[in-house]
Every structure is written in C-alpha cells, then in structure tokens.
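1. let's see this in three dimensions:
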Amino acid sequence: MTDFAPKKAVILAAGSGSRLRPLTDLRPKPLVEVNGTPILHNALRHLEAVGVETVAIVVGYRKDAIQYACGTQFGAIQIKYIESSVFERTGSAYSLWLARDVLLCGDHYLLEGDIFFEEDSLHCLNQSKCADVAAVAPFDARMQGSAVLLSEDGFITGFRMKQSGADLSDSDQTLFKTLNLLRISASTLRTTIVPALDDIVGSGATQAYTEELLAFLIERRGLQLAAARCDHLRWWEIDTPDDLRLANSLFADNSATPRQPGLPDNRLQ
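-> Modelled structure (predicted):
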C-alpha cells in the first residue's frame, strides 16, 4: 500500500445486464458469479485489501438484491447506496453524476460493477505517482468495447469507442483496453470531473458513458490520465455469456478471490 491509495471508492452497478439474460432475469449483473464468487464481492474484497474504508455503490436494476448481498458493511468497508431511478434510459456517466457529492469528499477509486479482476490491478494503480491513473492492458482479438492510445511517456492520448478484435488489423497504432478501474485525485474530481458531469447532465446527454466523458476531457480539456499497465494480470469485463465462460476459465483456480477465515457476515444491517 502507498500514500497514493485512496480510502474511498465508487462502484457503478445500476445497469440491467440485458446481454447476460437469462442469467440477469432475476439478479443484477454485479451479482453474477465467476466460479462461485459474485463479481461485486470480488471487487469489494480487493478494495478492502488495499485499505478502502468506504464504498458508494450506485444501484438501479434489482437494487434490493445488491443491498441484501452486500449490506451496509462488507468486512471492514462501510457501504452507502445511491439509487438511480432512471437506469434503463441513462448511461454510466449519469450514474457517476449521481455520486457527485461523494466524489467531492476526496481521492477515489472508480470502477464498473461488471469487472472481475485480481487485487494486483489496484496495486498497479497505486504504484503510479501520477495524480490520476487508469488501468489498461493490451487489446486482443477476444475483446470488444472502448480502446485507448498511449503516448511514449505512458499517458492516455485518446479513446476509440466500440472496438473489436477485427479493428486490430486496421489500426496503425497499438490499442489498449481500459479495465474500467481508475484512481482519481480529489483535485481532479473537484475541478474537472464533477463540473464536466454537471455540464453533461445539464445539457441532456444523460445516455453518455464514462469513457465518453474521459475522452472529451483528455482530448479537449487537457486531462492528464496516466496508464497503469496490467499486461500480466488476469481480468475480464463480463457483458455476455461468452465473457462469463472466458472469465470462469481465466480464474479457474479462483486465486483472485481468496476466502479469509472468519470473514464477518456480509449482510450485516
């Protein structure tokens, strides 16, 4: 752990996970299990391991299930819930905007509720001395979603949205996939991120994604977002049944989610 490790985190977990149906017919995507461990529990355990004390979870679809599964305390972490009543017609940037009052309270980890990852991904973020850092890994043929370009000195210079493995052969630059794990400083949240979120929502662009916000800030507003290279680590973004099968295979030994003896009941109310 370093002085750069935040004590707070925000997890975006409001979406309906429609591409994972029927698995998400009765439960939200963050509670879908990889080898028996819910995606959200995996994230909370790792956040606790790096010293996080409070987590705000933005919930929407089947919010009661998440609140029951995680409670108001998960291990040593105190949990607060922020409800989105319009999750079906808004994007992740809107969910982040709902957490704006929390974001103004200090340095934060920001993460999506559908990423299954190793604890060392957070350590990679904290090893950087830069104020604002995003975890990235090489974009490979199995992936889809937002990709980023990196400068020679390791900063994100731009985003390419809706990429797939087929785009790799057409690119003359090396593409990297964002893990949707970020460490953002209190100063940047206060002076850049939250004001931009206010502008987006105020303009009516409520379906925007967090990646679109970051792309705008990097390309138009000079945000310096360093890249923490996680090339050697296991992680996966789970959007589809194929993603879930791949994640189950990647984490077959379940070593990313050690079960601690005597861990307190996670449903304390």
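2. surely Glu152 forms part of a helix?
-> No: read with DSSP: H, G, I helix; E, B strand; the rest coil, Glu152 is coil and lies in no helix.
3. count of neighbours near it?
-> Counted with other Cβ atoms under 10 Å, the neighbours of Glu152 add up to 6. The C-beta positions use only the backbone N, C-alpha and C, and glycine is treated the same way.
4. with Ala56 instead?
-> Applying other Cβ under 10 Å, we find 22 residues neighbouring Ala56.
5. what of the one 5 residues further on?
-> Tyr61 sits with 20 neighbouring residues when counted by other Cβ under 10 Å.
6. for it, give its distance to Ala147.
-> Tyr61 is 27 Å from Ala147, where distance means Cβ to Cβ, to the nearest Å.
7. what of Asp107?
-> Asp107 sits 26 Å away from Ala147, going by Cβ to Cβ.
8. can you give me the strands for this structure?
-> Assigned by DSSP state E, the strands in the chain fall at 8-13, 33-34, 37-38, 54-59, 73-74, 77-83, 108-112, 115-117, 133-138, 144-150, 156-164, 176-184, 226-229, 235-237.
9. just the angle between the fourth one and strand 8-13, please?
-> Going back to what we said before, that points to strand 54-59. Per axes from the mean of the first three to the mean of the last three Cα atoms, to 10 degrees, the angle that strand 54-59 makes with strand 8-13 is 20 degrees.
10. how far off strand 77-83 does strand 54-59 point, in degrees?
-> Counting by the same axes, to 10 degrees, strand 54-59 lies at 30 degrees to strand 77-83.
11. may I ask which helix or strand of the chain has the lowest mean pLDDT?
-> Within the chain, no helix or strand scores below strand 156-164, which has a mean of 84 by mean pLDDT, DSSP states H and E.
12. tell me which residues in that one are buried?
-> The neighbour-count check on strand 156-164 (16 or more other Cβ atoms under 10 Å) flags 156, 159-160, 163 as buried.
13. equivalent analysis for stretch 74-85, please.
-> Within stretch 74-85, the residues scored as buried using 16+ other Cβ under 10 Å are 74-75, 77, 79, 82, 84.
14. distance across that stretch, terminal residue to terminal residue?
-> Criterion Cα to Cα, to the nearest Å; first-to-last residue distance in stretch 74-85 is 24 Å.
15. now it: how far from the chain's centre is it?
-> Relative to the centre of its chain, stretch 74-85 is centred 15 Å away, using Cα atoms, centre = their mean, to the nearest Å.
16. cool, and stretch 207-221?
-> Stretch 207-221 sits 15 Å away from the centroid of its parent chain (Cα atoms, centre = their mean).
17. mind listing what's buried along it?
-> Here stretch 207-221 shows 208-218 as buried, counting by 16+ other Cβ under 10 Å.
18. which of the residues you listed fall in helices?
-> If you go by DSSP state H, the buried residues of stretch 207-221 have 210-218 in helices.
19. Ala226 contacts Gln127, correct?
-> No: here Ala226 lies out of contact with Gln127, judged by Cβ atoms under 8 Å, at a distance of 10.6 Å.
20. more neighbours, those two?
-> The neighbour count for Ala226 versus Gln127, taken as other Cβ under 10 Å, is higher for Ala226 (20 against 12).
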